[in-house]
Structure formats: C-alpha cells, structure tokens
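In: missing the sequence, but the structure's below:
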C-alpha cells in the first residue's frame, strides 16, 4: 500500500520509520527536507511539496506541529488532487475548529478526514506502542486500520465526528499537564521540608501513581532534567490553548487549565519554550527558592 | 504479640481485622464501641478507654479521623502508661504540627512516635495491599515491621523525622486530589462536546492513566456515583487543609492546592461533606449545566 506522509518531526519521523519497516511504500514530505535522509536510505521517496505525496484516492498522513501548518498544507488544490475517496489521516494534535474546517473542505472534493491523534512519547512511536484515538467516516477508518495497527498497541474508536478523537486527545493532554502542575507543587513542598524529591516520587510511582505520565515526567521533575526534551513547553502551551478554546466554545470555565496556562506562560516569558514541558516546575521551585540547584539550565 | 488498636473507622476496622487474622492479640477501642463487635467475635478484647488498650512498653496503633481526636487520646497519662520503649504507631493522616507535638510529648515518657500513614482504599486494608510510608526511631520501626508487613504490599522508609512519612502521605493525597479536579474538568469538557465520559475515561485508564486513582475515582466521576463513599469529601477537605498548612509553614504558595480547596469548600457549602470526595466534580458539572443527570443525589 502506498502512503503519503507529511511532517517528520519528533513524532512524525519514528512513525514514518515504523511504517517503512512494516513494508509500506512511503512518499514523505518535510519542510526541512534533510530530515528525510535516513528514510530515503530505507526506501522512502522524497516529495518536494505536500502535493507530491498524494496518490489520487489514496491515503495521506499528516503529523505536523500546529493548525496553521496543516491548513496551509491541506489547500483546495491538495484536496482536489487527493480526490474522490482519498483519505487524510490527521494524526496531529489540533484545534476542534481546524478539524471541522478541513473536514468540510475535504468533503467538497469527496475526500475523508480521519482524525487519529496519538498518545505516547517518540520512543513509543518507534516501538509500535502508541495509543490511538480514532474518529471519522466508517469506511475510511477501516482503510486506515492496517496503518494504525503497525504503529500502536491500542486503537480506540470514538465514532464518526471528525472532532471526537481530537477532543479525547485534548482531554488527555490536559490531564497530563494538570499532573505536571500537581507534581511540581507537591514535590516542591516535599523538598522544602527536607525530603528528597526523587525518593518521594519514586515511592509514589512505585505504588499509587504507577503510570506513564507520573513515572516519566515525575522522574524528570524530581531530577530537574528540564533540558531533556520529550515534549517542549511551547508545544504544551499550545495544547493548553486548544483545550481552553474547546472549553470556550461551550462557555465552560476550566480553572485548572487556566492555572496551568499561567504557569506555562511564566515559562515562555523566561524564554523556556524550548525546554521540556516539565519545566513548568521551575515556577514552583523558584517561588520556593529551590531552582537552579541541579541539572536546570535556567 | 499484643497490640492496642484505637480507631475502628472505615480504614481502621479492616486493618484491625487483618491483624487479628494474622494471629496478633488485639485490644481495641472505638468511641462507638458497637463497631467492635465483629472483632470481639473474632477474638479481640474490648477496651473501655484508650488507656485500657496499652501494655506498658508495648505497641499501640492509632487510626483516627483527625488531629484533635488523636491529641485527646495521646494524653500525658496515656504516654506515661505506655511508658519506656512503648511505641505509638501513628497511621492516620495528620498535620505535621501534631506529629511534632505528640512525638515530643511521648519522648518525655520514653515512648517512641512512629509515623506510618497508608495509601489505599479500605478494600486494600482488608486484602493486605496497603502501601505504607514510614518514619521514626530506627529500633521502634523495626519492632513495628511484623505488624506493617501483614497489612501491606510495600513499606517505604523516609528516615527518622516523625513528620517525614506524614509529609509524603500529604503530598500523595494532594496529587490524588489534583487528579480529581483534572478529571472533573476534563470529563465535563468531553461530555459538553457530546462524548461519553465513561468511554473517554475508559480509554485513558486503559492507556496512559492505568493507575489506581484514575481507574477508581475516574470511573466514579464518569458514572457520577458520588454517593458511593470510599473517602468522604469532608475528610478530603481536611487533608487539603493539612497540605496548605504544611506549605504555609514554609511560606510556599500552592495555587493548585488552593483551587482544589475552593472546590471542596463549594461542596461543603452545599452540604456534600458526606458524599465521596469525587463529588468535587459536581462543581464542574454544575457550571456546565450537566449535574444531576444520573446517579447524583444532589
């Protein structure tokens, strides 16, 4: 099966590699084309534009960093070329608004928009261990299954609405970000009272919080390894904005999302956008006079 | 080995039962003595006052609902009777202040204060699956080990300070409460956009949040079973206060702890103290116009 693949960033690259290893025929596009080199050596074809990734009526995957990039990519011309029964497998974390807009645009040309955002760090993508939220047209989803299955350890179907899977992803990301803030405040309290953050977090993730976000990010917070980036603070701040926009659409107040936003913003204000999102903890550490003690590059 | 056991509430009762089953000789005290009946049938002795639970130089366990009850229990007379090398195994969730105060009081009489607060629901106590945070005098801790081991699946030692284990417990409880607020806001957002809370939470706890607080409390929130109490909202509000007091001791600000407090308080104001602590979700649900739809008794 031939697939177009657009976006070879921190997540996109290992996903594309995974598909190549599974025997899919890939045509890849990335704005910085040099990133594609290892994939070309493994048999992928290089496209010089998003349009060139398309086989009419085929499947194109996008894994890009934000709404705007995706909207520019999925031009009218793109949709027209993708044509009848073409599938856009949209795996980025996006706004609900762009999911609706692109879905509508694609419909005009007989394409299908299938939302399939993923949970899991880049390492999970390389190891076929992503978790995938899925929604969209039933037949189109069926066609994408063989692709999704080789990248994931679980696929969860949330129906036909193009926004549904995206909303589940945003909800999960919001819960992860909230956990970061909780760990930041909690571990700062523990350290301020003379305890070792690593020992406290070690116990908690051995016991009640034995799950990935606490284990991975908790360890990073406790060890203050904020410059070891698995997901940047600036991208986390973007996801937080998408969550608050989804809430605003329904006139919902989400005070915890708002609190996390303020702390991400404090990080952005201090030029920490390219640190790991766990650098949200520097807010708590600094107000406690505990920042910059080990491993922080602030 | 003879043990005194004070406090047969939701946690204390199954813990005492567990010790009896393991062959310990127990003298139990509870303000409402009728609660002890099943234990007496299983071989425990009933004390008519806390003092009567004591074997001089022995071990007395307390599992009571708050600081004040414990302070009244651990009177000067009590400490004097417990005497030289007597051990008070303090398993409740308490303030740091009372841990310091009772530890100092006991020292005057040659007793040891060993802090051993626990994580896990009442069911875990019955099934010997508690997680225990431990701190205090080394020899006294050694003596309590056979007792703690029959109730738990893991014991974590945080040194000699009487406050250390209590602080770890407070930190963990704070993280759990923060997770409740995150699930409340996140699932309200999902429902408001037409998704099924149960399906969303089901996916998240199958995948990234596959750990007890999310599985147990997340399910309860998604199913709106706030009247099925495993830990009451009023006790959770008390723990939240203890966390904020521990922060205030060090002039720390914990904005997320503060936010959770406001939402617990909103629940208390609406006479929801005896509901489960997951009833914090009613705050989000009500502001979204989604409360009272299924299973809520509000």
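Out: Yes, it's here. All of these numbers come straight from a predicted model, not from anything done at the bench. Numbers count the residues shown, from 1 in each chain, chains lettered A, B, ... in the order given.

In: For the rest of this, base every contact and every neighbour count on C-alpha atoms.
Out: Fine.

In: Please identify the residues of the stretch 101-250 of chain A in proximity to chain B?
Out: Contact residues, the stretch 101-250 of chain A versus chain B (CA under 8 Å from any CA of the partner chain): A:119-120, A:131, A:156, A:164, A:167-168, A:171-172, A:174-175, A:178-179, A:181-183, A:185-187, A:189-190, A:192-193, A:195, A:200, A:203-204, A:207-213, A:246-247, A:250.

In: tell me how far the helix or strand of chain A with the lowest mean pLDDT is from the chain's mean position?
Out: Averaged element by element with mean pLDDT, DSSP states H and E, chain A has its least confident helix or strand at helix A:122-126 (a mean of 86). Averaging C-alpha positions (CA atoms, centre = their mean, to the nearest Å) puts helix A:122-126 12 Å from its chain's average.

In: Who are the packing partners of that helix?
Out: If you count contacts as 3 or more CA pairs under 8 Å, 6 or more residues apart in numbering or on different chains; DSSP states H and E, helix A:122-126 packs onto helix A:12-21.

In: Can you tell me what sits against the helix it packs on?
Out: With CA atoms under 8 Å, 6 or more residues apart in numbering or on different chains as the contact definition, helix A:12-21 has outside contacts at A:5-8, A:26, A:36, A:39, A:42-44, A:63-64, A:122-123, A:125-128, A:147, A:150-151.

In: Need the contact partners of the following helix or strand past that helix.
Out: For helix A:12-21, the following helix or strand on the C-terminal side (DSSP states H and E) is strand A:25-29. Identification of contacts with strand A:25-29 by CA under 8 Å, 6+ apart yields A:1-8, A:16, A:19-20, A:36, A:43-50, A:53.

In: For the helix or strand following strand A:25-29, name the packing helices and strands.
Out: The helix or strand immediately downstream of strand A:25-29 is helix A:37-41, counting by DSSP H and E. In terms of contacts (3+ CA pairs under 8 Å, 6+ apart), helix A:37-41 is packed against helix A:12-21.

In: Strand A:25-29 and the helix it packs on, what's the angle between them?
Out: 160 degrees (axes from the mean of the first three to the mean of the last three CA atoms, to 10 degrees).

In: which of the residues in helix A:12-21 are buried?
Out: Under the neighbour-count criterion of 16 or more other CA atoms under 10 Å in any protein chain shown, helix A:12-21 has A:12, A:13, A:14, A:15, A:16, A:17, A:18, A:19, A:20 buried.

In: next one: stretch A:207-218
Out: Under the neighbour-count criterion of 16+ other CA under 10 Å, stretch A:207-218 has A:207, A:208, A:209, A:210, A:211, A:212, A:213, A:214, A:215, A:217, A:218 buried.

In: so where's chain A shaky on pLDDT?
Out: Applying pLDDT under 70 to chain A flags the ranges A:292-298.

In: returning to that earlier point: buried members of the contacts of helix A:12-21 into ChimeraX, please.
Out: Command for ChimeraX that selects the buried part of these, burial taken from 16+ other CA under 10 Å:
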select /A:5,6,7,8,26,36,39,43,44,63,64,122,125,126,128,147,150,151
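
In: quick one: residue A:6 from residue A:47, how far?
Out: According to CA to CA, to the nearest Å, residue A:6 stands 9 Å off from residue A:47.

In: what residues are shared contacts of these two?
Out: Contact criterion CA under 8 Å, 6+ apart; residues bridging residue A:6 and residue A:47 by contacting each: A:28, A:29, A:53.

In: What is the burial count for the second one?
Out: One way to gauge burial is a neighbour count; for residue A:29, by other CA atoms under 10 Å in any protein chain shown, it gives 24.

In: Helices of the stretch 151-298 of chain A, residue ranges please.
Out: With helices called from DSSP state H, counting those that start in this stretch, the stretch 151-298 of chain A shows them at A:164-192, A:197-206, A:212, A:218-223, A:233-249, A:255-269, A:281-287.

In: For residue B:222, find the nearest of the ones you listed.
Out: Judged by CA to CA, the one of these that comes nearest to residue B:222 is helix A:164-192, at 13.4 Å.

In: thinking again about what came up before, now, which of the buried residues of helix A:12-21 sits nearest chain B?
Out: Lowest distance from chain B to the buried residues of helix A:12-21 (CA to the nearest CA) belongs to residue A:15, with 18.7 Å.

In: Would you mind measuring from that closest one to residue B:271?
Out: Residue A:15 sits at a distance of 51 Å from residue B:271 (criterion: CA to CA).

In: At which residues are the helices of the stretch 1-150 of chain A located?
Out: For the stretch 1-150 of chain A, applying DSSP H, counting those that start in this stretch gives helices covering A:12-21, A:37-41, A:67-73, A:76-82, A:96-108, A:122-126, A:138-151.

In: any idea how far the fourth one is from the chain center?
Out: This means helix A:76-82. Counting by CA atoms, centre = their mean, helix A:76-82 comes out at 25 Å from the chain centroid.

In: hang on, the earlier thing: from the helices of the stretch 151-298 of chain A, which stretch is densest packed?
Out: Highest mean neighbour count among the helices of the stretch 151-298 of chain A (mean count of other CA atoms under 10 Å in any protein chain shown): helix A:164-192, with a mean of 26.
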